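Participant: got a structure for you, letters missing:
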Ligand SMILES: Cc1cc2nc3c(=O)[nH]c(=O)nc-3n(C[C@H](O)[C@H](O)[C@H](O)COP(=O)(O)O)c2cc1C
């Protein structure tokens with residue numbers, strides 16, 4: 001695994017520019033407008049499943065071999081587990097999975113997999129069988145970026161379950177659902 005590969009090459013920001021930095025609250029208020037799919041990111045430690053709720057997920061590249069990234073706060077207990085296990089699975093939750101989403105953001109980490117069906121993927125990460133799609137990834141790069149680590153995963157397996165319905169979104173500090181363009185909100 002190549003750690004900090006990019007950050008070592010990145011140009012330094014001049015101190016004068018740092019003094020003009022944007023208020024983090026303003027940044028968060030802007031980011032709340034960015035609707036995102038709600039994902040349970042899972043890994044394993046001591047033969048036990050672990051995971052956390054994540055919206056910072058992006059495709060990196062489909063060619064020559066698929067990869068994606070997640071951003072994980074280094075203060076999260078799952079962070080070290082992902083680094084140590086060398087694998088993670090991104091499970092996109094469905095519109096009916098709000099309770100599951102709450103479990104994965106709960107401070108009661110032991111309850112996160114309560115009542116959840118999962119199986120072990122080819123990387124060793126737990127795959128949630130009710131997810132709309134699961135991307136089973138081998139951790140290829142871990143790049144430190146301020147409070148977070150950008151974890152780039154080489155995708156080893158994809159399980160698409162079209163029958164699982166629409167994805168669950170997070171928007172404006174609330175869970176939300178997809179409404180196709182042109183659909184009326186009034187009854
Ligand atoms: C909607 C939502 C999205 C989140 N997205 C992320 C994320 O992208 N990365 C991250 O590290 N934490 C994210 N979090 C916070 C973690 O889910 C939360 O801090 C979790 O409790 C960390 O768990 P742990 O410390 O037990 O690992 C998000 C929380 C919510 C509610």
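Facilitator: That came in fine, so what should we check first? Because the structure is predicted, anything quoted here is derived from the model rather than measured.
Participant: So the spatially most central residue of the chain versus residue 26, what's the distance?
Facilitator: Closest to where the C-alpha atoms of the chain average out (CA atoms, centre = their mean) is residue 54, at 3.6 Å. Look at residue 54 and residue 26: by CB to CB, to the nearest Å, they are 23 Å apart. Quick note: C-beta positions are derived from backbone N, CA and C, even for glycine.
Participant: Same check on residue 158?
Facilitator: Counting by CB to CB - residue 158 and residue 26 are separated by 37 Å.
Participant: what do you get for residue 125?
Facilitator: 36 Å.
Participant: Then residue 89?
Facilitator: Distance, residue 89 to residue 26, using CB to CB: 34 Å.
Participant: Same check on residue 109?
Facilitator: Plainly put, residue 109 is 31 Å away from residue 26 if you go by CB to CB.
Participant: One more: residue 101?
Facilitator: When CB to CB is the yardstick, residue 101 and residue 26 sit 26 Å from each other.
Participant: for residue 43, same thing?
Facilitator: When residue 43 is compared with residue 26 (using CB to CB), they lie 33 Å apart.
Participant: These two: who's more crowded?
Facilitator: Residue environment comparison for residue 43 versus residue 26 gives the larger neighbour count to residue 43, 28 against 9, counting by other CB atoms under 10 Å.
Participant: what's the more buried one in contact with, if anything?
Facilitator: Residue 43 makes contact with 49, 50, 51, 78, 81, 82, 85, 87, 88, 89, 125, 126, according to CB atoms under 8 Å, 6 or more residues apart in numbering.
Participant: which element is it on?
Facilitator: Counting by DSSP states H and E, the element that carries residue 43 is strand 39-45.
Participant: Show me which residues of that strand are buried.
Facilitator: Residues 39, 40, 41, 42, 43, 44 are the ones in strand 39-45 that count as buried (16 or more other CB atoms under 10 Å).
Participant: So in terms of bridging, what pairs with the fourth one?
Facilitator: With DSSP bridges as the criterion, the beta-bridge partners of residue 42 are residue 51, residue 89.
Participant: what's the distance between the closest residue to residue 45 other than its chain neighbours and the ligand?
Facilitator: If you skip the residues right next to it in sequence, residue 45 has residue 81 as its closest partner in space, 4.4 Å away by CB to CB, 6 or more residues apart in numbering. As for residue 81, its distance to the ligand is 8 Å (criterion: CB to the nearest ligand atom, to the nearest Å).
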